[in-house]
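A.B. asks: Pasting the sequence and the predicted model now:
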Amino acid sequence: HVGYEPGRIHGTVHTGAYHHSIGTQKGGSMHTNVREWHTYTVEWRPEVVIFACDNAVYQVFRKESDDSAVWPFNQDFYLILNMAVGGDWGGVKGVSETAFSGEGQVMEVDWVRVEQRDLNWALSNPTTPTAQIPKSMPSPSTLLPGAQTMTVMSYNTQYTGYPSLVHKFGSKMREVNAGIIGTQECQDAAALASASGYVAVPDTGFQNPIFYNPSKVSLVQGSPGWMKIPRDDYAERTVTWAKFMLGSTEVLFFNTHLPHNHNQARSRNTHARIAKSLLQKRKELGAEDVPTVIVGDMNTFASQGASEGSFASNIVNAGWHKSYEARGDRGGHAGLDQIFASPHWTSSNGADRGTGGSDHTAITVDVTLMG
């Protein structure tokens, strides 16, 4: 934790080959309230070092070779808890003259626990207590405080492809390398996280989980959630969401799979009403002024001829724009998968990215915060 970034924690590995003085450090970060109590974890295993906060993994460092400059973690190390003042990092913005007035700066530690697991267990269980560790991470990028652009992706991973096609779905996610991905029809979020190298956002329900690359954005703890929407004959339907930090800016991401027009969703006006419910949920989250993206399989045919309009028309009439719509030029369906952005963004480079074995194409767009 660095004092001038009160909402962010970091997990960084320093070795002879990877350290800040030559710009090669290996690290990740996430946003959380450092004034609240948390359980911070570092798991040191024979082939990997894992950083987590409250069991949410935000950095994975893997052994790349036996070179001690790359992997020196085959010897004893000390555990040090300290508060540093100033320096090249903490002091880059200076040290406040009032920082140590009154009670000053306090680092409170409730407990420290050191455990050693059975080696065979560590080698055969690629998991933390509650989160599956990816086999490989997406390509890294520097998470700059002033980052303004990110790639977002919508991907219907065909439900009949589980488990046989999960490796292909994961490969497609890794190939595209988006910052945030909304999936639909996902039957096993842990398996897809492992296959793709992405981190699954907790508490984003079933079938529509959200995934993110922690080297591009960081999850705002406590922000994920989901709500039911009218179902059709095929499945229950939901809207899922989570907040992320893009550099120093908080953004909101919604993901959904809209129903066909039968069962609870038999009215062709259902999609319009879902759009209004989503906008109301954004308001309830206190995020009306937060840059927001919506992705999903929108099953656009189900609202044709609706007197209250479509999902898209209601979102656009609220001041948003359609960032991209699947064309079907790389397989999959045309016109069903869509991405929308609030007025805070400009959109560019929208594209179909291929199916990865699904019956839908993955779609992406780059969204850039307006100055």
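C.D. replies: Looks like it came in fine.
A.B. asks: dump the residue contacts of residue 226.
C.D. replies: Contacts for residue 226 (CB atoms under 8 Å, 6 or more residues apart in numbering) come out as 203, 204, 205, 208, 238, 239, 240, 241. Yep, even glycine has a C-beta here, placed from its N, CA and C like the rest.
A.B. asks: Select only the buried ones of these in ChimeraX?
C.D. replies: Typed into ChimeraX, the line below selects the buried ones among the contacts of residue 226, using 16 or more other CB atoms under 10 Å:
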select :204,205,208,238,239,240,241
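A.B. asks: Show me which pair in the contacts of residue 226 is furthest apart.
C.D. replies: 203 and 239 (13.1 Å; CB to CB).
A.B. asks: And the helices in the stretch 201-350 of the chain, which stretches?
C.D. replies: 270-284, 311-317 (DSSP state H, counting those that start in this stretch).
A.B. asks: averaged over its residues, what pLDDT does the first one have?
C.D. replies: The reference is to helix 270-284. The predicted model assigns helix 270-284 a mean pLDDT of 98.
A.B. asks: Then the last one?
C.D. replies: Across helix 311-317, the average pLDDT comes to 97.
A.B. asks: I'd like the distance from that helix to the chain centre, please.
C.D. replies: Its chain's C-alpha centre and that of helix 311-317 lie 25 Å apart, by CA atoms, centre = their mean, to the nearest Å.
A.B. asks: if we can go back for a sec, okay, the helices of the stretch 201-350 of the chain in TSV with distance to residue 109 next?
C.D. replies: Shown next, in TSV, are the helices of the stretch 201-350 of the chain (distance: least, CB to CB, whole Å):
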stretch	distance to residue 109
helix 270-284	36
helix 311-317	47
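A.B. asks: want to throw these into TSV with mean neighbour count and distance to residue 61?
C.D. replies: Shown next, in TSV, are those (neighbours: other CB atoms under 10 Å; distance: least, CB to CB, whole Å):
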stretch	mean neighbour count	distance to residue 61
helix 270-284	19	36
helix 311-317	19	40
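A.B. asks: where do the strands sit along the stretch 101-250 of the chain?
C.D. replies: 149-156, 180-184, 199-200, 210-212, 218-219, 225-229, 237-246, 249-257 (DSSP state E, counting those that start in this stretch).
A.B. asks: which of the ones you listed is buried the deepest?
C.D. replies: Ranked by mean neighbour count, the strands of the stretch 101-250 of the chain are led by strand 180-184 with a mean of 29 (mean count of other CB atoms under 10 Å).
A.B. asks: helices or strands up against that strand?
C.D. replies: Packed against strand 180-184 by the contact rule (3 or more CB pairs under 8 Å, 6 or more residues apart in numbering; DSSP states H and E) you find strand 149-156, strand 210-212, strand 249-257, strand 292-297.
A.B. asks: Can I get the third one as CSV, trimmed to CA atoms?
C.D. replies: In this case it means strand 249-257. Provided in CSV are the C-alpha atoms of strand 249-257 (Å, rounded to 0.1, in the frame of the first residue of the first chain):
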residue,chain,number,x,y,z
THR,A,249,-11.0,6.2,-12.7
GLU,A,250,-13.8,3.9,-11.3
VAL,A,251,-15.9,2.3,-14.1
LEU,A,252,-19.0,0.1,-14.0
PHE,A,253,-19.5,-3.0,-16.2
PHE,A,254,-22.8,-4.8,-16.8
ASN,A,255,-23.2,-8.2,-18.5
THR,A,256,-26.4,-10.0,-19.5
HIS,A,257,-28.1,-12.6,-21.7
